[in-house]
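Novice: What follows is a predicted structure for the sequence shown.
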Amino acid sequence: MNIKSEAWAARRFYGKGSPFLGGHESKNDSIKITLVANAGVLVEYNGVGLLVDGIHHEEGHPFSRVSENDMKLMRQGYDIFANIDYLLFTHEHPDHFTPQYVSEHIQVRSVKGVFLPNKSDGSPDLALLLNHVQKLAIPFWTLGLEPGDTKRFALADDLIVTAIGTRHMGPQYQTIRNDCFLLTLAGKNLLFTGDADYVSRYFKNALAEVALDAVFVNPVFYHNPNGQEIINEIFRPRNLVIYHMPFEQDDTLQFSYMVTSDIQRHGRPGIQTHVLRREKQSLCFSTPPLK
Ligand SMILES: [Zn+2]
């Protein structure tokens, strides 16, 4: 990417007037989202932390792994990982979720709940993790919902998780379920799609009554014409965040280049577009003041 396009991209990604203010410190009354690695993000609001697809460290894919150091900090509860209350995983692929590391984490840190894919589609390691979760009496929910189905979990007055069932994108992965997570925090709606396939009927009814403040999609979803149609006709978000990006040093397939030209092509005035691709990059989203 040349300097000119970097500058253009920076203007585009961090444009003024957005409720997202990249890099700002989180206030109590704002939602802060911090990139851990790939589709792994930490969502914080009012002292509660939700880690989505944020514990994985396997090779064999062109995306970035959660660093050893970050997983250590998580286990120690240090730094940005002081409050991880809920762990959520869209599906069991090595760039999203490594069950063994989750087992190690919950041995040493208490969590309030875990959202997992369905055991029947999962690995022996997922079954072992489920045993651990049960032994430790941690509340858990296994999903792998039917495409288009939803399940709502009211975790607190101002915190609702709604899982939306989809299939994983790509013809080779159609048997894999991918649960999207709609997080409703203080009335704001944030949708994390993981590797959901770009199929309208998975989302249409589930989101019919939902005004989305931010939607997180991967670069392939954003690139695909069907994905664009879903973004513009069903999601219609105020903010569109492209995540599931490799860090610069790992970007062997040049996702950054693709995304930059896709934003040029598809970006539209009514939607603020952001790209999460730098370690610990954060977005803050303001909410009504706490009472
Ligand atoms: Zn993935």
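Specialist: Nice, thanks for sending it over. Please read all numbers here as calculations on a predicted model, not as lab measurements.
Novice: Phe153 belongs to a strand, doesn't it?
Specialist: Yes: secondary structure of Phe153, determined by DSSP: H, G, I helix; E, B strand; the rest coil: located in a strand.
Novice: Am I right that it is in contact with Leu143?
Specialist: No: here Phe153 lies out of contact with Leu143, judged by Cβ atoms under 8 Å, at a distance of 10.0 Å. Quick note: C-beta positions are derived from backbone N, CA and C, even for glycine.
Novice: what touches both of these two?
Specialist: By Cβ atoms under 8 Å, 6 or more residues apart in numbering, Phe153 and Leu143 have these common neighbours: 115, 163.
Novice: More neighbours: which of the two?
Specialist: More crowded of Phe153 and Leu143, by other Cβ atoms under 10 Å: Leu143, with 22 against 15.
Novice: Could you find the closest non-adjacent residue to that one?
Specialist: Leaving aside its sequence neighbours, Leu143 sits nearest to Asp179 (Cβ to Cβ, 6 or more residues apart in numbering; 4.3 Å).
Novice: Can you tell me the element the one you found falls in?
Specialist: Assigned by DSSP states H and E, Asp179 belongs to strand 177-185.
Novice: Could you report the separation of Lys204 from Thr166?
Specialist: 12 Å (Cβ to Cβ, to the nearest Å).
Novice: on that earlier part again, now for the residue nearest to Leu143, how many residues are close by?
Specialist: Other residues close to Asp179 by other Cβ under 10 Å number 28.
Novice: ok, it touching Thr142?
Specialist: No: shown here, Asp179 and Thr142 do not form a contact pair, counting by Cβ under 8 Å, at 9.7 Å.
Novice: what is the residue nearest to Leu143 paired to in the beta sheet?
Specialist: Gly165 (DSSP bridges).
Novice: Enumerate every residue touching it.
Specialist: So Asp179 contacts 90-91, 115, 117, 143-145, 163-166, 194 (Cβ under 8 Å, 6+ apart).
Novice: Average pLDDT for the strand or helix carrying Met74, rounded please.
Specialist: For Met74, the host element (DSSP H and E) is helix 68-76. For helix 68-76, mean pLDDT is 96.
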